[in-house]
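> What would the 3D arrangement of this be:
(one chain, ligands or ions: 2)
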Amino acid sequence: MSVRSTSTEPRLSIGGGETETAASGSAEGAGPIPSTMRAAVLHAPEDLRVEEVPVPRPGPGEVLLRVRACGLCGTDHKIIAGRYPGVWPPEFPFIIGHEWAGEVAALGPGVTTLRVGDRVAAENHSGCGQCGMCRTGYYNLCERADRRDPSYKLYGHTAPGALAEYAVRPAILLMPLPEQVSNVEGALVNPGALALHGLRRTGFHPGCSVAVFGPGVIGLLTVLFARAAGAAQIITVGRGERLSLARELGSTDVVEYDAGDPAQGVRDATGGRGVDYVYECSGNPAAVAQAIGSARRGGKVALLGLTGNKGVELNTDRLTLDQIDVLGVRSSPNMYPDTIALMASGAVRAERLATHRYPLERIGEAVEALRSRSMGAVRVIVEP
Ligand SMILES: [Zn+2]
Ligand SMILES: [Zn+2]
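Ligands and ions are numbered 1, 2, ... in the order given. Model (predicted):
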């Protein structure tokens, strides 16, 4: 539940000595802000330590947030393992974490759209705002992204993340959470918005048939959003227990990945026709061709998973002769408001995907649960 302060908003003076606040009394989240905080700091690949670091300070247009829930995803796992050397993160030490919700703790100069105590979910792509892509709303594809231009940031990847007690973000990246959306669910807005972006990219329509490859968090959220958006048939392709979970979440059919050709499994479930839309969420190179093989003539295939630059073999004649569209889906530009609205309405109930919760001090166990998928971990949430 959001708690608003009723008196003076704490404002941090920038560059002005100690981290004072005008503590506004009793409200949770609006108490005094300490000068240091606990954070999970990545010092090198596989060297993640919880330690005391300075609380960041919001500059003009920025907001200091008390982090309440931060999910760990496959990308975090790869960043910790050092799979994107020199890119994510560009340097060490670095604070990761990019799927999160928190509470406004203090406002930097010029912020008028939020109040201390507001609960928010944070976006990660902060585009330059001036290039052609940013100006058409595709700040996820900012043209300055690759040049280490300071006008572009990808928080949790190229700029400090949120596996810490506090984080600073530009106010423009913060979307208020209504009280029906918990902090833990707020930490699922980021992957949920990606799933919604996938549906939008394909031109999803009510009454359609879909196949979802890879029932990880993104795949399961795709099931939830597809059901909420009116899919008539949802076929999930994956393995074992995750398929049972997919069924519980609204999947009408499941195809065991290892039981023969999964594309044939999808075709069998649609009377041989194939589905209108396929969402490839596994990142498995073999699944890309299988996803394409599952689409009907004129169907669309959205790629939400990354293969890690592995080669994918494709029969492009099938794409041409059956006029199949293959679409890349990156991040979730302008998708947070509708994602949050669907969660608040109850149409999408994502919280049950948050299977494991840990305090920040137990980050090692959290990462282990993420990696081993031990005890059926779907989404691991850290609550600093
Ligand atoms: Zn992620
Ligand atoms: Zn830009």
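
> got the residues of the chain near ligand 1?
Neighbours of ligand 1 within the chain, by C-beta under 5 Å from the ion: 73, 75. No exception for glycine: its C-beta is placed from N, CA and C like everyone else's.

> Quick check: whichever residue of the chain sits closest to ligand 1 vs ligand 2, distance?
In the chain, the residue that lies nearest ligand 1 is C73 (3.3 Å; C-beta to the ion). C73 is 24 Å from ligand 2, where distance means C-beta to the ion, to the nearest Å.

> measure stretch 219-237 end to end?
End-to-end distance for stretch 219-237: 9 Å, by C-alpha to C-alpha, to the nearest Å.

> Could you give the average pLDDT over it?
When pLDDT is averaged along stretch 219-237, the result is 98.

> so where does E91 fall, helix or strand?
Using DSSP states H and E, E91 sits within no helix or strand.

> burial of it, as a residue count?
For E91, the neighbour count with other C-beta atoms under 10 Å is 7.

> What's the separation between it and L154?
Using C-beta to C-beta, to the nearest Å, E91 is found at 14 Å from L154.

> quick revisit: shouldn't the residue of the chain closest to ligand 1 be in contact with L188?
No. Using C-beta atoms under 8 Å, C73 is not in contact with L188; the gap is 10.2 Å.

> intersection of neighbour lists for those two?
Residues touching both C73 and L188 (C-beta atoms under 8 Å, 6 or more residues apart in numbering): 99, 217, 379.

> Which of those residues fall in helices?
Counting by DSSP state H, the part of those found in helices is V217.

> Closest one of the shared contacts of C73 and L188 to P160?
Distance ranking of the shared contacts of C73 and L188 against P160, using C-beta to C-beta, places E99 first at 14.6 Å.

> pretty sure the closest one contacts G186?
No. At 9.4 Å, E99 does not count as touching G186 under the criterion of C-beta under 8 Å.

> Helices along the chain, start to end?
Using DSSP H, the helices of the chain run over residues 74-81, 132-135, 183-186, 189-202, 217-228, 241-249, 262-269, 285-294, 316-321, 336-345, 363-372.

> So which other helices or strands are in contact with the third one?
When contacts are defined as 3 or more C-beta pairs under 8 Å, 6 or more residues apart in numbering; DSSP states H and E, helix 183-186 sits against strand 62-72, strand 99-107, strand 119-122, strand 354-359, strand 379-383.

> Could you pull up the mean pLDDT of it?
98.

> mind checking how far that helix is from the chain centre?
12 Å (C-alpha atoms, centre = their mean, to the nearest Å).

> go on, the longest one?
Relative to the mean C-alpha coordinate of its chain, helix 189-202 is positioned 9 Å out (C-alpha atoms, centre = their mean).

> quick one, that helix and helix 74-81 angle?
120 degrees (axes from the mean of the first three to the mean of the last three C-alpha atoms, to 10 degrees).

> other SSEs contacting helix 189-202?
strand 99-107, helix 217-228, strand 275-280, strand 295-303, strand 325-328, helix 336-345.

> other SSEs contacting the fifth one?
By that I understand strand 325-328. Using 3+ C-beta pairs under 8 Å, 6+ apart: strand 325-328 touches helix 189-202, strand 295-303.

> strand partners of that strand, parallel vs antiparallel please.
Within its sheet, strand 325-328 is paired with strand 295-303 (parallel), according to DSSP bridges.

> circling back: got the shared contacts of C73 and L188 as JSON lines, with distance to ligand 2 and neighbour count columns?
Shown next, in JSON lines, are the shared contacts of C73 and L188 (distance: C-beta to the ion, whole Å; neighbours: other C-beta atoms under 10 Å):
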{"residue": "E99", "distance to ligand 2": "23", "neighbour count": "29"}
{"residue": "V217", "distance to ligand 2": "28", "neighbour count": "26"}
{"residue": "R379", "distance to ligand 2": "30", "neighbour count": "26"}
